[in-house]
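Novice: here you go, sequence then predicted model.
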Amino acid sequence: MTLLVHLGGIDEQEWADAFQAKMPDLKIVTSSDAFDPAEIKYLYVWKPRDDVFDGLDNLEAIFSLGAGVDPILKHPHLPQNVPITRFVDETLTQCMSDYVIANVTMHHRELTHYRHEQRQHFWTQYYPAPATDIAVGVMGLGQLGLDAAQKLTMLGYQVNGWSRRPKEIEGVTSFSGDAGFDQFLAATDILVNLLPLTSDTRDILNRRTFEKLRRDVMPHGPVMINAARGGHQDEDDVVACLKDGTLGAASLDVFKTEPLPKDSPLWDLDNCYITPHIAAISSFEGGVELVARQIESYERDGTLQHVVDPVQGY
């Protein structure tokens with residue numbers, strides 16, 4: 001049995017060496033090696049190229065380097081009935097919550113306003129509301145969204161959650177489905193997107209969504225934070241809404257085209273905070289350990305964890 005490491009833009013050999021050290025009885029190859037595609041039983045993949053599945057007629061499991069699997073699911077040559085597993089790791093979850101909390105607290109404390117004041121050399125003692133007055137709405141209550149929501153409640157924020165199906169989370173007001181979406185938005189001051197990218201969620205961060213956010217608490221307007229996928233946001237709408245006050249500010253870690261093109265108007269907006277897709281990254285050690293456990297489990301009894309439902313997209 002052979003594991004193929006196919007990682008677009010990442011050092012495949014480093015991962016292959018680590019897998020070999022962890023699983024000495026498993027043959028490991030990279031996409032640049034000469035190998036027989038018929039030997040490949042397992043695939044470890046990120047940003048798959050067009051030819052990734054060519055000849056992999058005996059493939060039995062696909063392991064994603066990332067928590068998001070949309071690039072795999074939309075691949076035109078994805079083999080049917082081969083299970084796909086997501087990357088789930090405590091370090092990734094912690095880093096995502098770190099990013100969310102840092103940006104929520106920054107916007108809650110009106111840092112955009114004070115950055116402007118600093119540049120004007122103004123000393124104006126405006127006092128932001130306490131966290132208990134601010135409602136943070138988390139879109140997506142999977143492992144990442146759940147952890148962020150729970151930690152935000154510990155900081156005293158009112159926390160709303162929106163998901164495809166109803167969920168019960170202590171301290172979180174839960175909304176679900178299309179029927180609950182507008183209610184969720186109307187009760188939210190700071191919108192955090194941690195949804196999976198599916199046909200239903202593509203471009204969900206648009207003017208129609210932003211206009212439904214609550215407007216009587218944050219003095220400079222509601223805020224949007226996107227740390228999920230660039231495909232979730234209509235970037236023309238984001239720019240326009242940041243300019244006309246529909247949004248008071250935004251924090252964006254992901255974009256439809258990455259790196260963000262140098263001519264994007266997002267770069268020059270004072271109320272837009274850009275980071276280069278660094279909110280959370282899959283841990284190298286965690287990835288090696290997870291794949292080793294998955295392969296051991298699969299070889300023992302045919303079971304895998306964190307298997308993706310291709311219909312739902314996550």
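Specialist: All right, it came through fine. Predicted model, so just to flag it, every value in this text is computed and none were measured. Numbering: from 1, shown residues only.
Novice: show me the helices in the stretch 101-250 of the chain, by range?
Specialist: For the stretch 101-250 of the chain, helices defined by DSSP state H, counting those that start in this stretch occupy the ranges 111-119, 143-154, 177-186, 207-211, 235-244.
Novice: tell me the most buried of the ones you listed?
Specialist: Comparing those by mean neighbour count (mean count of other CB atoms under 10 Å), helix 143-154 ranks first with a mean of 21. To be clear about C-beta, it is placed using only N, CA and C from the backbone, and glycine gets the same treatment.
Novice: who touches that one?
Specialist: Here helix 143-154 makes contact (CB atoms under 8 Å, 6 or more residues apart in numbering) with 67, 88, 92-94, 96-97, 100-101, 104, 136, 138-139, 141, 159, 161, 163, 169-172, 192, 194-195, 280.
Novice: just send the helices of the stretch 101-250 of the chain back as JSON lines, with mean pLDDT and distance to residue 80 too.
Specialist: Below are these laid out as JSON lines (pLDDT from 0 to 100; distance: least, CB to CB, whole Å):
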{"stretch": "helix 111-119", "mean pLDDT": "96", "distance to residue 80": "48"}
{"stretch": "helix 143-154", "mean pLDDT": "98", "distance to residue 80": "27"}
{"stretch": "helix 177-186", "mean pLDDT": "98", "distance to residue 80": "29"}
{"stretch": "helix 207-211", "mean pLDDT": "98", "distance to residue 80": "34"}
{"stretch": "helix 235-244", "mean pLDDT": "98", "distance to residue 80": "34"}
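Novice: coming back round to it: in ChimeraX, how would I select the buried members of the contacts of helix 143-154?
Specialist: The following ChimeraX line selects those of those that are buried, judged by 16 or more other CB atoms under 10 Å:
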select :67,88,92,93,96,97,100,101,104,136,138,139,141,159,161,163,169,172,192,194,195,280
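Novice: if we can go back for a sec, same list (the helices of the stretch 101-250 of the chain) but as TSV, adding distance to residue 298.
Specialist: Output for these, formatted as TSV (distance: least, CB to CB, whole Å):
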stretch	distance to residue 298
helix 111-119	47
helix 143-154	21
helix 177-186	34
helix 207-211	40
helix 235-244	40
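Novice: what sits against the nearest residue to residue 141 once chain neighbours are set aside?
Specialist: Counting by CB to CB, 6 or more residues apart in numbering, residue 163 is the residue found nearest to residue 141 once chain neighbours are left out, at 4.3 Å. Counting by CB under 8 Å, 6+ apart, residue 163 makes contact with 140, 141, 145, 174, 175, 176.
Novice: go through the residues you listed and flag which are in strands.
Specialist: Among the contacts of residue 163, DSSP state E puts 174, 175, 176 in strands.
Novice: okay, the second one: pLDDT?
Specialist: Reading off the confidence values, residue 175 has pLDDT 98.
Novice: then residue 52?
Specialist: The score at residue 52 is 97. That number is its pLDDT.
Novice: who does the closest residue to it other than its chain neighbours bridge with?
Specialist: In space, and not counting its chain neighbours, residue 52 is closest to residue 6: 5.2 Å by CB to CB, 6+ apart. Following DSSP bridges, residue 6 is listed with bridge partners residue 45.
Novice: how about a markdown table for the contacts of residue 163, with distance to residue 183 added?
Specialist: Shown next, in a markdown table, are the contacts of residue 163 (distance: CB to CB, whole Å):
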| residue | distance to residue 183 |
| --- | --- |
| 140 | 17 |
| 141 | 16 |
| 145 | 18 |
| 174 | 11 |
| 175 | 6 |
| 176 | 10 |
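Novice: can I get stretch 28-42 as CSV, trimmed to CA atoms?
Specialist: Presented in CSV, the C-alpha positions along stretch 28-42 are these (Å, rounded to 0.1, in the frame of the first residue of the first chain):
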residue,chain,number,x,y,z
ILE,A,28,5.4,7.1,0.6
VAL,A,29,5.7,9.0,-2.7
THR,A,30,5.3,12.6,-3.8
SER,A,31,3.7,13.9,-6.9
SER,A,32,7.2,14.6,-8.4
ASP,A,33,8.3,11.0,-7.9
ALA,A,34,8.1,8.2,-10.4
PHE,A,35,5.4,5.8,-9.2
ASP,A,36,2.7,3.4,-10.4
PRO,A,37,-0.7,5.1,-9.9
ALA,A,38,-2.3,1.7,-9.5
GLU,A,39,-0.3,1.3,-6.2
ILE,A,40,-1.8,4.4,-4.5
LYS,A,41,-4.2,3.5,-1.7
TYR,A,42,-4.1,6.8,0.2
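Novice: can you tell me what sits against that stretch?
Specialist: With CB under 8 Å, 6+ apart, stretch 28-42 has contacts from 1-7, 12-13, 16, 19-20, 27, 49, 52, 54-63, 291, 295.
Novice: show me how to select, in PyMOL, the buried members of those residues.
Specialist: Applying 16+ other CB under 10 Å to the contacts of stretch 28-42, the buried members can be selected in PyMOL as follows:
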select buried, resi 2+3+4+5+6+7+12+16+19+52+56+59+61+62+63+291+295
